[in-house]
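K.L.:
no FASTA, just this:
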């Protein structure tokens, strides 16, 4: 975690807005705040045994419904459905869910009392499909840290170019923490760690998650110390520059 994030003014402000008493690390304080909320949710849903079930339980408790866009036709149908329900803000959904937007969460203004307060539209088209699981948790991270002042007018857009903002970076940290939440993962672990074991856990606990994110997340949750290394062949920087300038000397 970048040290700069720990000293970021927006992160400290969020911690204060949540009523947290912080003396040193606002990130740890915000995560602990979220853990307290998630723990209470788990007490309500005692049959929550997988990461997918955890995600669904947290979404239900926070009052959001996921709408997944897998095609342009899906997008039009979702847009039409909510506009017909009187949610005029959805009229611009097709324009707002552009190439660099992963998700949009709206607070509904026209709903039945039994319907969720929020709708999170997740874009799963093209390359965005590999991030759907993480994008869902990113949206839930915002709702977990939503203050009372923001609740009435809440609307947010998850844009790729915003990943460098301190608040968005914090939401990514929270999403990674709960996307492979240790108390859910650890009871399912047995035997030695291996790529096959991690893949089996991914399929059992969170099949929607990508293989790469599962490698990182499950390794972090593993009860015994372990390390994930990514090794690959690469040329020295100087050799690559020389080849670009003068061409390869290979005869093939």
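P.N.:
Yes, it's here. Remember, it's a predicted structure, so these values are computed and weren't measured experimentally.
K.L.:
which elements pack onto the lengthiest helix in the chain?
P.N.:
When the chain is parsed with DSSP state H, its longest helix is helix 26-44. Where contact means 3 or more Cβ pairs under 8 Å, 6 or more residues apart in numbering; DSSP states H and E, helix 26-44 is packed against helix 3-6, helix 9-17, helix 51-62, helix 132-144, helix 166-179. To be clear about C-beta, it is placed using only N, CA and C from the backbone, and glycine gets the same treatment.
K.L.:
most tightly packed of those?
P.N.:
Of the helices and strands packed on helix 26-44, the one with the most neighbours on average (mean count of other Cβ atoms under 10 Å) is helix 132-144, at a mean of 24.
K.L.:
which strands or helices does that one pack on?
P.N.:
Against helix 132-144 (3+ Cβ pairs under 8 Å, 6+ apart) you get helix 26-44, helix 51-62, strand 64-69, strand 101-107, strand 118-123, strand 155-159, helix 166-179.
K.L.:
low-confidence ranges in the stretch 1-150 of the chain?
P.N.:
The model of the stretch 1-150 of the chain has pLDDT under 70 over residues 1-3, 149-150.
K.L.:
how distant is stretch 126-144 from the center of its chain?
P.N.:
4 Å (Cα atoms, centre = their mean, to the nearest Å).
K.L.:
still on that earlier bit, can you redo the helices and strands packed on helix 26-44 as JSON lines with distance to residue 117?
P.N.:
Listed next are the helices and strands packed on helix 26-44 as JSON lines, based on distance: least, Cβ to Cβ, whole Å:
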{"stretch": "helix 3-6", "distance to residue 117": "29"}
{"stretch": "helix 9-17", "distance to residue 117": "19"}
{"stretch": "helix 51-62", "distance to residue 117": "8"}
{"stretch": "helix 132-144", "distance to residue 117": "9"}
{"stretch": "helix 166-179", "distance to residue 117": "19"}
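K.L.:
before we move on, the earlier item: closest one to residue 185 among the helices and strands packed on helix 132-144?
P.N.:
Closest of the helices and strands packed on helix 132-144 to residue 185 is helix 51-62, at 7.1 Å (criterion: Cβ to Cβ).
K.L.:
tell me if I'm right that residue 193 and residue 226 touch.
P.N.:
Yes - with contact defined as Cβ atoms under 8 Å, residue 193 reaches residue 226; the gap is 5.3 Å.
K.L.:
the more surrounded of these two?
P.N.:
Set residue 193 next to residue 226 and count neighbours by other Cβ atoms under 10 Å: residue 193 wins out with 16 against 11.
K.L.:
how about that one, secondary structure?
P.N.:
At residue 193 the chain is in coil, as set by DSSP: H, G, I helix; E, B strand; the rest coil.
K.L.:
now for residue 193 and residue 226: what residues contact both?
P.N.:
residue 219 (Cβ atoms under 8 Å, 6 or more residues apart in numbering).
K.L.:
which SSE is residue 218 in?
P.N.:
For residue 218, the host element (DSSP states H and E) is helix 211-221.
K.L.:
contacts for that helix, please.
P.N.:
130, 133-134, 176, 179-182, 185-186, 189, 193, 195, 198-199, 201-202, 206, 209, 226-228.
K.L.:
mind listing what's buried along stretch 28-43?
P.N.:
29-31, 33-35, 37-38, 41-42 (16 or more other Cβ atoms under 10 Å).
K.L.:
before I go, just wanted to say thanks for your time.
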